[in-house]
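**Student:** Got a predicted structure plus its sequence, pasted below:
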Number of protein chains: 2
Amino acid sequence: MRQLSQSTASIVYNGLRQKIIDLTLKPGALLVEQKLAHEYGVSRTPVREVLVWLASEGLVEILRNRGAMVAPIRVDAVRTAQFVRESLEVSVALTAAKNMNALARLKLSHAIEEQELANAEGNAELFYQADEAMHLEIAQIAGLPLVWGYIEEAKVQMDRVRRLSLSQAQSFDKLIAQHRRIVSAIAANDPVEITDSLNAHLRQVLPDIDALRRNRPEYFDEDAQDRPVSSTLHGQTVAGLA
Amino acid sequence: MRQLSQSTASIVYNGLRQKIIDLTLKPGALLVEQKLAHEYGVSRTPVREVLVWLASEGLVEILRNRGAMVAPIRVDAVRTAQFVRESLEVSVALTAAKNMNALARLKLSHAIEEQELANAEGNAELFYQADEAMHLEIAQIAGLPLVWGYIEEAKVQMDRVRRLSLSQAQSFDKLIAQHRRIVSAIAANDPVEITDSLNAHLRQVLPDIDALRRNRPEYFDEDAQDRPVSSTLHGQTVAGLA
DNA sequence: CCACCGTAAATTGTATACAATCTACATTTT
DNA sequence: AAAATGTAGATTGTATACAATTTACGGTGG
């Protein structure tokens, strides 16, 4: 995100990643190196490098000698991501609650205010930013900013489902209310309420999965049992290596 | 690990990864593409691809236009990894405890027996395998096998510290005892004991960090505040892209 | 003596060329 | 007709060549 020094590869990376996340490129879509190279006006070399990066993030799937595709949505992978995110966010919030002080309180209420502004303006992009900022802020209060990287890794698996779901239409008002409850619970250092409020917030994706699989089965991939559990990447086939 | 079809890149990947993990290549060691290519008798292309993979695992750090190095150990990154692993393993174990049945009990006791065999034979490699297999088995009992991928990602950050630490010398007997305690707690579905036993098992790395930083400061890198929190990789500089 | 260029070597970033592999389809065989 | 096989095209995997950037070092001027 930082360091816009703009290597050729970084342009391709940002462009492709955006298109995958905002679903311009649908799950399962084939990614032919030559075509991408031509599209971005570069050679295949940086394109390949980018595909490897995206594969390590779980956004692309590479099949050895057979090409790359936008990662299909896997029910197992999304459920796992939900579990991971919930576990980590609850742990982080419980830790943050022990570290609360006046400044932390202020920062969290500011984050909420920014969400309300974005909502009032109808600026979705700004809202998502403020949303992420709040979750990151909680991690920072907990003294564990680097945990956010792990959480984001799980989050991407859920984001496409959320964006595809109709329930996405549920207005930001509801989300802000949930955020308020979370922040209050942290400020009050109430472990049970912290856990409950975060669970309520993060588990919305679960019913969405089933609804989506019914409406758009073509975006899904039946979770194959024969898929090897890779040593370091989750839910991904690592046929490209290993 | 599977799919030994052996592309050129996979050979380099397995070789390099092993050398980094077993510390043949020390943290901070420079990785010059040309030298690696010559060493493995291949061209720079697959070497670069491998470096990107390893960077996404957190084992290599790539500095844009300045080359790659074996990732230095970062105190923050190791502490974070410990937090993440603990959080996930406890959550998984609590879930597994609810799913216990005769078969699951059997599999866990088998895993312990294999560890005892490895210990009796003095076969460290086998022990580590059995150790991992047990943790993975717990995830499978919980119905969440894919969580293991996330855990492993954190685990690598801790493994080099453990291997460098003198406390590593603590015989396997102690580890097996800890494993027994964990398995008993899961079998008894005793949430508090599950949490305590796992914490005791996983927190050993924390005192090791300080001792190691005193003995081998050259392997460490002061945790830079100016390092951007990347969107998807944790504790890593992503200067190579973004 | 120190700071400030400026150039050369080393190294990475990208492009292109070639080899290996896979897919699809036509042909042959049973 | 169905199955097997062979071949052409497309696509990926790897090697090599070239461009861009960084680093080190020596000269120059202050």
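**Tutor:** Perfect, I can see it now.
**Student:** quick one: the helices in chain A?
**Tutor:** A:8-21, A:33-40, A:44-57, A:75-98, A:102-121, A:124-141, A:147-164, A:172-187, A:191-202, A:205-215 (DSSP state H).
**Student:** For beta bridges, what are the partners of A:Gly67?
**Tutor:** In this entry, A:Gly67 is beta-bridged to A:Leu63, by DSSP bridges.
**Student:** Around DNA strand D, pick out the residues from chain A.
**Tutor:** A:31-34, A:44-45, A:48, A:62, A:64-68, A:240 (CB under 7 Å from any atom of the strand). Glycine gets a C-beta too; all of them are placed from N, C-alpha and C.
**Student:** Filter these down to just the buried residues.
**Tutor:** A:31, A:33, A:48, A:62, A:64, A:68, A:240 (16 or more other CB atoms under 10 Å in any protein chain shown).
**Student:** The first one and A:Gly67 touch, don't they?
**Tutor:** Yes - with the criterion set as CB atoms under 8 Å, A:Leu31 and A:Gly67 qualify as a contacting pair; they are 7.0 Å apart.
**Student:** how's chain A carved up into domains?
**Tutor:** A:1-72+A:221-242, A:75-215 (automatic domain parsing).
**Student:** Can you tell me how far the residue of chain A most remote from its centre is from A:Ser184?
**Tutor:** Relative to the centre of chain A, the most outlying C-alpha is that of A:Ala102, 30.0 Å out, by CA atoms, centre = their mean. With the distance defined as CB to CB, to the nearest Å, A:Ala102 ends up 16 Å from A:Ser184.
**Student:** Okay, buried residues for stretch A:18-29 please.
**Tutor:** Buried-residue list, stretch A:18-29, by 16+ other CB under 10 Å: A:20, A:25-27, A:29.
**Student:** Now do that stretch, average pLDDT.
**Tutor:** Average pLDDT, stretch A:18-29: 96.
**Student:** how about that stretch against chain B, any contact?
**Tutor:** No - if you take CB under 8 Å from any CB of the partner chain as the test, stretch A:18-29 misses chain B, and the best it gets is 10.4 Å.
**Student:** and that stretch, anywhere near DNA strand C?
**Tutor:** No - using CB under 7 Å from any atom of the strand, stretch A:18-29 stays clear of DNA strand C, coming no nearer than 14.4 Å.
**Student:** any low-confidence regions in chain A?
**Tutor:** A:1-6, A:166-169, A:222-242 (pLDDT under 70).
**Student:** Can you narrow the buried ones among the residues of chain A next to DNA strand D down to the ones near DNA strand C?
**Tutor:** Within these, those near DNA strand C by CB under 7 Å from any atom of the strand are A:Arg64.
**Student:** Put together TSV for the buried ones among the residues of chain A next to DNA strand D, with distance to chain B on each row.
**Tutor:** Listed next are those as TSV, based on distance: CB to the nearest CB, whole Å:
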residue	distance to chain B
A:Leu31	16
A:Glu33	13
A:Arg48	7
A:Ile62	11
A:Arg64	7
A:Ala68	13
A:Gly240	8
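**Student:** Against chain B, how distant is A:Ala96?
**Tutor:** 12 Å (CB to the nearest CB, to the nearest Å).
**Student:** could you dump the helices of chain A to CSV with distance to B:Leu202?
**Tutor:** Formatted as CSV, the helices of chain A follow (distance: least, CB to CB, whole Å):
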stretch, distance to B:Leu202
helix A:8-21, 33
helix A:33-40, 42
helix A:44-57, 25
helix A:75-98, 13
helix A:102-121, 27
helix A:124-141, 20
helix A:147-164, 15
helix A:172-187, 25
helix A:191-202, 21
helix A:205-215, 28
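**Student:** Looking at chain A, which residue is nearest DNA strand D?
**Tutor:** Residue of chain A nearest DNA strand D, by CB to the nearest atom of the strand: A:Gly67 (3.4 Å).
**Student:** residues touching A:Leu202, list them.
**Tutor:** A:82, A:85-86, A:89 (CB atoms under 8 Å, 6 or more residues apart in numbering or on different chains).
**Student:** Spell out which parts of chain A neighbour DNA strand C.
**Tutor:** So chain A meets DNA strand C at A:7-9, A:42-46, A:49, A:64-66 (CB under 7 Å from any atom of the strand).
**Student:** thinking again about what came up before, looking at the domains of chain A, which is closest to B:Leu206?
**Tutor:** The closest of the domains of chain A to B:Leu206 is domain A:75-215. By CB to CB, the value is 13.8 Å.
**Student:** Kindly check the end-to-end length of the closest one for me.
**Tutor:** End-to-end distance for domain A:75-215: 14 Å, by CA to CA, to the nearest Å.
**Student:** again with stretch A:16-33
**Tutor:** So stretch A:16-33: terminal residues 12 Å apart, CA to CA.
**Student:** And the contacts of that stretch?
**Tutor:** Against stretch A:16-33 from outside (CB under 8 Å, 6+ apart): A:36, A:44, A:47-48, A:50-51, A:54, A:57, A:59-60, A:67-73, A:156, A:159-160, A:163-164, A:218-221.
**Student:** hmm, back to that, can you tell me which of the buried ones among the residues of chain A next to DNA strand D lies nearest to A:Phe127?
**Tutor:** Looking across these and measuring by CB to CB, the closest to A:Phe127 is A:Leu31, at 29.8 Å.
**Student:** now that closest one: how far from B:Thr8?
**Tutor:** In terms of CB to CB, A:Leu31 sits 22 Å off from B:Thr8.
**Student:** give the contact list for A:Ser91.
**Tutor:** B:83, B:86-87.
**Student:** scratch that, A:Glu89
**Tutor:** A:Glu89 neighbours (CB under 8 Å, 6+ apart): A:135, A:138, A:151, A:198, A:202.
**Student:** And A:Asn99, by the same measure?
**Tutor:** A:Asn99 neighbours (CB under 8 Å, 6+ apart): A:141-143.
**Student:** Which of those are buried? Put it as a PyMOL command.
**Tutor:** Restricted to buried positions by 16+ other CB under 10 Å, the PyMOL selection for the contacts of A:Asn99 reads:
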select buried, chain A and resi 141+142+143
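**Student:** In TSV, list the contacts of A:Asn99 along with distance to B:Ala118.
**Tutor:** Converted to TSV, the contacts of A:Asn99 look like this (distance: CB to CB, whole Å):
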residue	distance to B:Ala118
A:Ile141	43
A:Ala142	38
A:Gly143	38
